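Asks: could you look at this predicted model? Sequence included:
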Amino acid sequence: MKFTDGFWQLRPGVHALYAQQAYDVESCGESLVITAPSRVVRARGDVLNHGVLTVRLDAPMEGVIGVHVEHFAGARGERGFELVGREPHAASIRVDDERGTLTSGDLTATVERGAPWRLEFSARGRVLTSSGNKSLARVSLDDGALVCSDAWVADEGIPVTSPSYVLGQLDLAVGELVYGLGERFGPLVKNGQSVEIWNADGGTSSEQAYKNVPFYLTNRGYGVLVDHPGHVSFEVASEAVERVQFSVPGERLSFYVIDGPAPKDVLERYTRLTGRPARVPAWSYGLWLSTSFTTSYDEQTVSSFIDAMAQRDLPLSVFHFDCFWMREFNWCDLEWDQRVFPDPQGMLARLHEKGVRVCVWINPYIAQRSPLFAEGAEHGYLVTRPNGDVWQWDLWQPGMAIVDFTNPHATAWFQDKLRALIAGGVDAFKTDFGERIPLDARFADGSSSERMHNLYAQLYNKAVHDVLVEERGEGEAVLFARAATTGGQSLPVHWGGDSTSTFSSMAETLRGGLSLAFGGFAFWSHDIGGFEGTPDPGVFKRWVAFGLLSSHSRLHGSESYRVPWTFDLDPVTGEYDESATSAVAVTRRFARLKNRLMPYLFAAGAEASGRGVPVMRPMLLEFPDDPGVSYLDRQYMLGPDILVAPVFTDDGTVQFYLPEGGWTSLLTGEHVAAGGWRTETHGLDSLPLYVRDGAVLPVGAHDDRPDYDYLDGLTLRVYPGAEPTTVRVVGVDGAATDVALARDRDGAFSAHADGRHVRVETVQGESRSEPTHDRPAPPL
C-alpha cells in the first residue's frame with residue numbers, strides 16, 4: 001500500500017494523522033504508554049479537534065519489545081498470532097523528565113518527550129532502527145483513493161481498500177538489507193519490493209505466495225514481526241527508500257522488534273515467541289515417491305513402482321497417494337475409492353511389509369457430492385455466508401464448502417475422520433490448499449474473514465498435526481503442507497508448491513525455500529523435477545541432486561510419473577539407460593549419500609527443533625559478517641558445515657561463492673585453501689558440495705535407509721583445522737549421545753561414545769590447480 005505522492009504530499013483521497021510528539025510518557029504496570037497527538041501541542045487550544053495515537057510498549061519475552069498503536073479504542077478487537085513464548089516480567093521501565101525507556105535483555109526502546117516524534121531501538125551501544133518523523137500514522141481513505149499495489153488488486157475476491165489503516169515505518173541504515181516475509185519466489189533481498197501478506201494459490205512463478213509471514217530480519221541484527229494474521233502490506237525501501245513500511249486495515253497496529261545480534265539469534269527468539277519447529281521422524285528424511293496428480297494408478301501400479309525401486313537399488317522411505325485415492329467429485333470424503341482400492345487396509349499392510357511408510361493427500365474442502373457435505377452442513381461444521389448459507393463455489397471441486405476450524409466441534413469431527421485413516425495404516429498427510437479463504441465468509445468464533453484468510457492454514461495444519469501426535473506420538477507426526485503463516489514453522493514439513501519442469505523454476509523454488517527459511521521454517525521440500533510438465537533428463541537429474549540435498553525429498557509431478565527410469569528410456573529400443581549418469585544412477589547416488597549423512601542431518605534437525613535454526617540455511621545465517629553472501633540465492637548451507645550449490649544449466653556450469661577459509665569437496669576430496677568466487681563444470685552425477693574447514697562430520701555406516709542406529713559403525717570425518725570437540729549424535733528416538741573427539745600427543749584423533757569405539761577419518765584434502773569433476777567421484 002502506497003499512501004504518499006513523493007516525499008511531501010499524500011496521494012489524492014488519502015488523509016493521515018501522524019504521531020507528531022510524545023506528549024505524555026507514563027509507566028503503567030509492565031508497559032510504557034505514550035500519548036502521541038497528531039498536532040504539536042504548544043498551547044491549551046492545541047489539544048482540541050485532532051486525533052491522538054496511543055502507543056504502548058511492552059516486552060513479551062527477553063530481547064523482544066512490542067509496539068502497540070491504537071487510534072479508536074472502541075473498534076472491534078480481533079485475534080493476533082498465538083505467541084506461545086510469552087513470559088511475564090520481561091521488561092524494566094524508566095521514566096524521567098526527558099524520556100522514557102523500556103529495556104528487555106540487551107534491547108532498549110527509548111522515546112524522547114516532546115516533538116518531533118522519535119522512538120529508538122538500541123542494543124549493545126548502537127541504534128538498530130528507529131521510528132521518526134511521519135513514521136506512525138492512522139490513514140483514512142476517500143472512496144476511490146488509489147493506494148494499492150498490482151498484486152493486491154489482482155487477487156480475486158479481495159477488497160481494494162479498507163476505510164482506514166494504521167501504518168508504521170522503521171528506518172533502514174546505509175547498506176541494510178531485508179530478508180524474509182515468507183516464501184517468496186522473487187529476489188531474496190526484499191529491498192525495493194512491495195510485498196502483500198496474503199496467501200494465494202499462485203504457483204512458484206509469480207509474486208504471490210502460499211506461505212506469507214509478516215516477519216522480516218535484516219543484516220543489522222534484528223527482526224520485526226507484525227502481529228496481524230490478515231492482510232499486511234509491506235513497502236520495503238520502496239515508497240520510502242530509507243524505511244520499511246507496514247500497514248494494516250483498521251484502527252490498531254502491533255509489531256515486535258526482536259533482538260539478535262546475529263541472524264540465528266533473531267530466529268532463536270522469534271521461534272521461541274511463535275513456536276519451535278516440531279521434531280520429525282528420521283524416516284521422513286528419506287526419499288518419497290508419489291503417484292503424481294492426474295496419472296492413473298491402482299495397487300498394482302503402486303506396488304510395481306515400489307518393487308522396481310528396490311530392484312534398482314533405490315532406497316525409498318515413503319510412498320504418497322495424491323488426490324485420486326478418493327473418488328472423483330468427492331474430495332474430500334476421506335474414504336478410499338473402493339472401485340480402485342477395494343482393500344485399502346490390506347493394501348497399506350502390504351506396502352508396510354515392503355518397508356515404506358504411506359502418506360495420503362487431503363485438503364480442507366468438502367465437495368457437495370461428498371457424504372461429509374450434508375453431515376457438516378447439518379451440524380454447522382462448514383464456513384457460511386453472512387446470511388447463514390453454507391459458503392460454496394465451483395472452483396476446484398463442484399459446490400465445495402470449507403471446514404470451519406474455528407469451531408472446535410468441526411475440528412474434532414474432521415480429526416475423527418483422519419483417525420480412521422491412521423488406524424487403517426496411513427502414516428502422514430499431505431495437507432494441500434487452504435489459501436483461497438473468501439472475504440465474504442462467516443466463521444463460528446466471530447473472526448473476520450480478513451483475519452482468517454492467512455490464519456486459516458495454521459488452524460487446518462494444526463488440526464491435522466495434533467491428531468498425528470495423538471495417534472503416533474511426539475516426534476512421529478509429519479505433514480507435507482503447502483499454505484502457512486506465522487507459527488506454521490511449528491507444524492512441519494512444508495513444500496514449495498506448484499513449480500514447472502525447468503531450470504528457471506528450479507531456481508525460483510530455491511529462492512522461495514531460502515526466503516521461507518528466514519522465517520524459521522526448518523524442514524522444507526519441493527517437487528523434484530517440477531510439478532507442471534515433464535522435465536527433460538538433464539533438468540530431472542540436476543533437480544534430483546538438489547532435492548536429495550534438501551531436508552526432505554519427494555518425487556512428484558502433475559500429469560506424468562516421476563519414477564527415475566522413465567527419464568532415460570531409449571525411444572527406439574525401449575531399453576533403459578543404466579550408465580553412471582542415468583537418472584536411476586543419479587537418484588541412487590544422492591539417495592544413498594543422504595542416508596549416510598543422516599547422523600549429521602538429524603542432528604541439524606534436532607538443532608532446528610531446539611533453537612529454530614533451519615536445516616537448509618541461507619548463507620547469511622552462517623556467515624553474517626561476510627558481505628559476499630548478502631545476495632546469494634543459488635546456494636545454501638545444509639546444516640552448519642556443508643555448502644550446496646545446485647546446477648541450473650544444461651552444460652553443468654555453475655558459479656558459486658566460498659566464504660573465507662578452506663573448503664573440501666565432499667564428492668572428490670579436492671581442497672580449496674581460500675574462499676572466493678569459483679566457476680566449475682559438473683557432470684550429471686555431481687555438483688559443488690563442500691565442507692568447511694574445522695568441521696567434524698558424523699557419517700553413518702548405512703545407506704539403504706535413513707532410520708537406523710547412527711552409532712553403529714559411525715565415522716567422524718575430521719576436516720582440516722578441526723580441534724578436539726564433542727559431537728552430538730541424536731538417535732532416531734530423539735535421545736542424544738555425545739561423542740568425544742580427542743587428540744593424542746602425536747596429533748592423532750580418536751573418538752569414543754558410551755564406551756563404544758568410533759572410527760575417525762582425517763580428511764587432508766587434495767589440492768588441484770584445475771577442478772576436475774567428470775571422473776568417478778570416490779565414495780564418501
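Replies: The structure has been received and is ready for your questions.

Asks: can you give me the pLDDT of residue 738?
Replies: What the model reports as pLDDT for residue 738 is 95.

Asks: tell me the bridge partners for the residue lying closest to it once chain neighbours are set aside.
Replies: Nearest in space to residue 738, with sequence neighbours left out and distances taken as Cβ to Cβ, 6 or more residues apart in numbering, is residue 726 at 4.9 Å. Just so you know, the C-beta spots here come from the backbone N, C-alpha and C atoms, and that holds for glycine as well. For residue 726, the beta-bridge partners under DSSP bridges are residue 740.

Asks: residue 324 looks like it's in a helix, true?
Replies: Yes - secondary structure of residue 324 (DSSP: H, G, I helix; E, B strand; the rest coil): part of a helix.

Asks: coming back round to it: how near is the residue nearest to residue 738 to residue 622?
Replies: Separation of residue 726 from residue 622 (Cβ to Cβ, to the nearest Å): 20 Å.

Asks: do residue 406 as well
Replies: Distance, residue 406 to residue 622, by Cβ to Cβ: 40 Å.

Asks: which elements pack onto the longest strand along the chain?
Replies: The residue-count maximum for a strand in the chain (DSSP state E) belongs to strand 52-61. The contact analysis (3 or more Cβ pairs under 8 Å, 6 or more residues apart in numbering; DSSP states H and E) places strand 52-61 against strand 31-37, strand 64-70, strand 99-104, strand 107-112, strand 136-141, helix 263-274.

Asks: higher neighbour count, residue 726 and residue 622?
Replies: residue 622 (21 against 12; other Cβ atoms under 10 Å).

Asks: I figured the more buried one hits residue 638, correct?
Replies: No - at 10.5 Å, residue 622 does not count as touching residue 638 under the criterion of Cβ atoms under 8 Å.

Asks: for the closest residue in space to residue 266 that isn't next to it in sequence, what are its contacts?
Replies: Spatial nearest neighbour of residue 266, excluding adjacent residues (Cβ to Cβ, 6+ apart): residue 223 at 4.2 Å. Residues near residue 223 by Cβ atoms under 8 Å, 6 or more residues apart in numbering: 180, 215-217, 257-258, 260, 266-267, 269-270.

Asks: gap between residue 223 and residue 236?
Replies: On the measure of Cβ to Cβ, residue 223 and residue 236 end up 14 Å apart.

Asks: quick check: neighbours shared by the two?
Replies: Contact criterion Cβ under 8 Å, 6+ apart; residues bridging residue 223 and residue 236 by contacting each: residue 216.

Asks: I'd say residue 246 and residue 178 touch.
Replies: No - counting by Cβ under 8 Å, residue 246 sits too far from residue 178 to count as a contact (11.3 Å).

Asks: quick one: the helices in the stretch 601-750 of the chain, in order.
Replies: 619-622 (DSSP state H, counting those that start in this stretch).

Asks: which residues in it form strands?
Replies: 616-617, 636-638, 642-644, 653-658, 663-665, 671-672, 676-681, 689-692, 696-699, 715-718, 725-730, 736-743, 749-753 (DSSP state E, counting those that start in this stretch).

Asks: helix, strand or coil: sort out residue 216 for me.
Replies: With three-state DSSP as the criterion, residue 216 reads strand.

Asks: rewinding a little: now the strands of the stretch 601-750 of the chain as TSV including distance to residue 188?
Replies: Rendered in TSV, the data for those read as follows (distance: least, Cβ to Cβ, whole Å):
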stretch	distance to residue 188
strand 616-617	13
strand 636-638	10
strand 642-644	15
strand 653-658	14
strand 663-665	22
strand 671-672	24
strand 676-681	18
strand 689-692	20
strand 696-699	27
strand 715-718	31
strand 725-730	30
strand 736-743	33
strand 749-753	38
